[in-house]
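>>> Return atomic coordinates for the entry below.
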Amino acid sequence: MTRPDLSDDEAVARYRAELRVVGRNPRLAGFALVILGAVAVWAAGYAGAAAPAVQWAGYAALAFGWALMLAAIFLRTRYHRRRMAEMD
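I've put the predicted structure just below:
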């Protein structure tokens with residue numbers, strides 16, 4: 001892995017596009033789980049007898065979604081640091 005050439009605007013745009021791809025799937029899955037969890041927590045008020053189960057499922061989805069998003073941020077930061085340090 002070599003250090004990216006950031007001397008011109010086109011090279012910077014290519015590197016930003018490259019960074020956007022790193023950790024994309026976990027980040028998108030985490031975002032979807034956060035949205036789904038928020039909807040589940042909101043809908044628990046209308047769930048009747050199943051409200052506690054729906055609410056706990058929503059909280060679990062929120063927690064797992066945020067964990068995935070934070071993991072994706074960690075992966076992208078680690079990738080960027082490795083590229084800037086010219087490590088293999």
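>>> Once you drop chain neighbours, what's closest to the residue nearest the centre of the chain?
Centrality entry for the chain: nearest residue to the mean C-alpha point is Arg27, 2.2 Å, by CA atoms, centre = their mean. Nearest residue to Arg27, sequence neighbours excluded (CB to CB, 6 or more residues apart in numbering): Ala72, at 3.8 Å. Every residue, glycine included, has its C-beta placed from N, CA and C.
>>> Relative to the whole chain's centre, how far out is stretch 63-79?
Mean-position distance between stretch 63-79 and its chain equals 5 Å (CA atoms, centre = their mean, to the nearest Å).
>>> Based on its surroundings, how many neighbours for Val34?
If you count neighbours by other CB atoms under 10 Å, Val34 ends up with 18.
>>> nope, Trp42 is what I meant
For Trp42, the number of neighbouring residues by other CB under 10 Å comes to 12.
>>> same deal with the one 3 residues further on?
If you count neighbours by other CB under 10 Å, Gly45 ends up with 10.
>>> If you tally nearby residues, what's the number for the closest residue to it other than its chain neighbours?
What sits nearest to Gly45 in space, not counting adjacent residues and going by CB to CB, 6+ apart, is Ala51, at 6.9 Å. Neighbourhood size, Ala51 [other CB under 10 Å]: 13.
>>> Just the buried residues of the helix or strand harbouring the residue nearest to Arg27, please?
Using DSSP states H and E, the element containing Ala72 is helix 51-84. Of the residues in helix 51-84, 54-55, 57-58, 61-62, 65, 68-69, 72, 76, 79, 83 count as buried by neighbour count, 16 or more other CB atoms under 10 Å.
>>> what's it packed up against?
helix 9-21, helix 24-43 (3 or more CB pairs under 8 Å, 6 or more residues apart in numbering; DSSP states H and E).
>>> 6 Å instead, please
If you count contacts as 3 or more CB pairs under 6 Å, 6 or more residues apart in numbering; DSSP states H and E, helix 51-84 packs onto helix 24-43.
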